[in-house]
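Peer 1: return a 3D structure for these sequence lines:
(chains A and B)
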Amino acid sequence: MSPRKRRQRIRVLQYGVLVAAIVAAAAIADWGQIVDVFFNVDAARQTVADGLGSALLHTVTYSLGGFVLAFIFGTILGLMRLSEVGPYRWIARAYVEFFRGLPTLIVFIALSLMPLAFPGMSIPFDPYGTVWLALGIVGAAYVAETVRAGVQAVPRGQVEAARSLGMSSAAATRKVVLPQAFRIMIPPLTNELIILVKDSSLVFAIGLALSDFELTTFGKSEANALANVTPLVVAGLAYLVITLPLSILVQRMEASTAKGR
Amino acid sequence: MTSNEQTPESSSPLVDIRNLHKSFGDNHVLRGIDFSVAPGEVVCVIGPSGSGKSTLLRCINMLEEPQVGDVVVRGEDLTDPDCDIDAARRHIGMVFQQFNLFPHQTALSNCTLAQRTVLGRPAAEATRVARMNLERVGLADKEDALPAQLSGGQQQRVAIARALSMAPLLMLFDEPTSALDPELVGEVLTVMRGLADEGMTMIVVTHEMAFAREVADRVVFMDGGVIVEEGTPAEVIGDPQEERTQEFLRRVLDPTNAGAL
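Peer 2: Numbering: from 1, shown residues only, chains lettered A, B, ... in the order given. Next up is the predicted model:
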């Protein structure tokens, strides 16, 4: 059989499997039941009325606050990774490896248990402070690597040009290197923000008051109350309302930087 | 080594280098350089690649720190640990082979940034000086262009204007035309010739023999990390005494060796 014929037959087979799977799913599944449990219009209405907007707002607040902290810690850590002072590099490296390797959920739980370890101590703006801190601590590890890669992507000649004009090392970093590095970093940082939006759902593990519910906690509580999965589907769609525009933005930016080169 | 009697009869040299040694790891690039430049003098440094000429130039503003020897500029030893190198560099302009313009800033901002941050000049004055220097290199109409919108020759002229905006006493040129398409070399050399005519002190690492012959007060031939021969262009290029100089010039002046000129 010629390679071309073989390729054609494989292609026919691939479509055949796909069609068979769809037909089987349609035949086996009880569609009425599925629609009723997952896409129940009344349950969806109820979910929206019970405070979907407020939950969405909380998700945004939790993840944005976490991102701001992650950005600040991460920039410091990223610059430490590039420091000429060995111990700074080692500390930053250890931090990055530690928190990248750890499930975010563990950090959430550990932070919520802090009062056990330090009686009398509490994280301010509870529960916001706890969520922000947990997301910030973990996000910083990723942001640090992004900052390091971004700074290293700025050609060495840029620093040399700045220094040859008499700029101090700090001024060259601030005025010449970081503006260029951040431009390179915007797509990966946006990806990091998307991840934080999703990770903010982990707050459900530490227990929230009704008034602080974010999308996942809210969806789960509604699903329990209505004995229907639809609220979780609605909450999931609400995440997409935040994350899809962001990821489209990243694609656009990556396309435009690719063009600029 | 030929000495040369034609150095301008100024009292003290602007640049005085004594017994300079520089190694990169095991690679001993500069092996004892003694070299001085009088105010107003134009010195072209020629030699095969790897001869150490760019390293010598980069030692003059301490972009490379030599292991042994003194680099005295305006009577100040830049190798002294107490020397404020940022302050010293304000008086030493540098032009790089790869231009190293700040890509995120317009031609005008490239010329104002160091004036603002290093000299603390007010915006209006920095802009005035920058415009004057852009005009000097024939790019008054390009002040709003980003480097990516300019040709290589234009970028290099902006880089020259950027260095000139700091009102340096000395200009270092590190193969300023080597990265340019052949038809763009002339415009950069014209600007440099103009500077030389105005009396700027210049040290030029170059492969442009015609330029060296025409513009230089003195030509220095380097090979293997030492100065092999120096003198007037007529002496070094026209009538080289050392075999290594003759050999090098035979290679670069050979008309079948396209691109060398």
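
Peer 1: CA only for contacts and neighbour counts going forward, please
Peer 2: Will do.

Peer 1: nearest to chain A: which residue in the stretch 151-261 of chain B?
Peer 2: The stretch 151-261 of chain B approaches chain A most closely through B:Ala163 (6.9 Å), counting by Cα to the nearest Cα.

Peer 1: isn't that residue right up against B:Val95?
Peer 2: Yes: with contact defined as Cα atoms under 8 Å, B:Ala163 counts as touching B:Val95 (7.2 Å).

Peer 1: count the residues that sit near the residue in the stretch 101-250 of chain B that chain A sits nearest to.
Peer 2: Proximity to chain A, evaluated over the stretch 101-250 of chain B using Cα to the nearest Cα, is greatest for B:Val118 at 5.8 Å. B:Val118: 18 surrounding residues under other Cα atoms under 10 Å in any protein chain shown.

Peer 1: check what pLDDT it gets.
Peer 2: With respect to pLDDT, B:Val118 scores 94.

Peer 1: where do the contact lists of B:Ala163 and B:Val95 overlap?
Peer 2: B:Met171 (Cα atoms under 8 Å, 6 or more residues apart in numbering or on different chains).

Peer 1: before we move on, the earlier item: contacts only, for the residue of the stretch 101-250 of chain B closest to chain A.
Peer 2: Counting by Cα under 8 Å, 6+ apart, B:Val118 makes contact with A:165-167.

Peer 1: looking at B:Ala163 and B:Val95, which one has more neighbours?
Peer 2: Relative neighbour count places B:Ala163 above the other of B:Ala163 and B:Val95, with 29 against 26, counting by other Cα under 10 Å.

Peer 1: show me the contacts for that one.
Peer 2: A:165, B:93-95, B:111, B:171 are the contacts of B:Ala163 under Cα under 8 Å, 6+ apart.

Peer 1: could you rerun that using 7 Å?
Peer 2: B:Ala163 sits next to A:165, B:93-94 when contact means Cα atoms under 7 Å, 6 or more residues apart in numbering or on different chains.

Peer 1: okay, the residues you listed in TSV with secondary structure next?
Peer 2: Output for the contacts of B:Ala163, formatted as TSV (DSSP: H, G, I helix; E, B strand; the rest coil):
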residue	secondary structure
A:Leu165	coil
B:Gly93	strand
B:Met94	strand
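
Peer 1: and A:Leu111, what element?
Peer 2: Assigned by DSSP states H and E, A:Leu111 falls within helix A:104-112.

Peer 1: other SSEs contacting the following helix or strand past that helix?
Peer 2: Per DSSP H and E, the first helix or strand lying C-terminal to helix A:104-112 is helix A:114-117. Contacts defined by 3 or more Cα pairs under 7 Å, 6 or more residues apart in numbering or on different chains; DSSP states H and E place helix A:114-117 against no helix or strand at all.

Peer 1: ok, residues contacting helix A:114-117?
Peer 2: A:121-122.

Peer 1: the helix or strand just after it to helix A:104-112, inter-axis angle?
Peer 2: Downstream of helix A:114-117, the next assigned helix or strand under DSSP H and E is helix A:128-153. With axes from the mean of the first three to the mean of the last three Cα atoms, to 10 degrees as the basis, helix A:128-153 and helix A:104-112 are set at 130 degrees to each other.

Peer 1: the following helix or strand past helix A:128-153: which residues count as buried?
Peer 2: Next along the chain after helix A:128-153, taking DSSP H and E as the criterion, comes helix A:156-164. Within helix A:156-164, the residues that qualify as buried by neighbour count (16 or more other Cα atoms under 10 Å in any protein chain shown) are A:157-164.

Peer 1: same deal with stretch A:44-60?
Peer 2: Buried-residue list, stretch A:44-60, by 16+ other Cα under 10 Å: A:44, A:46-48, A:51-52, A:54-60.
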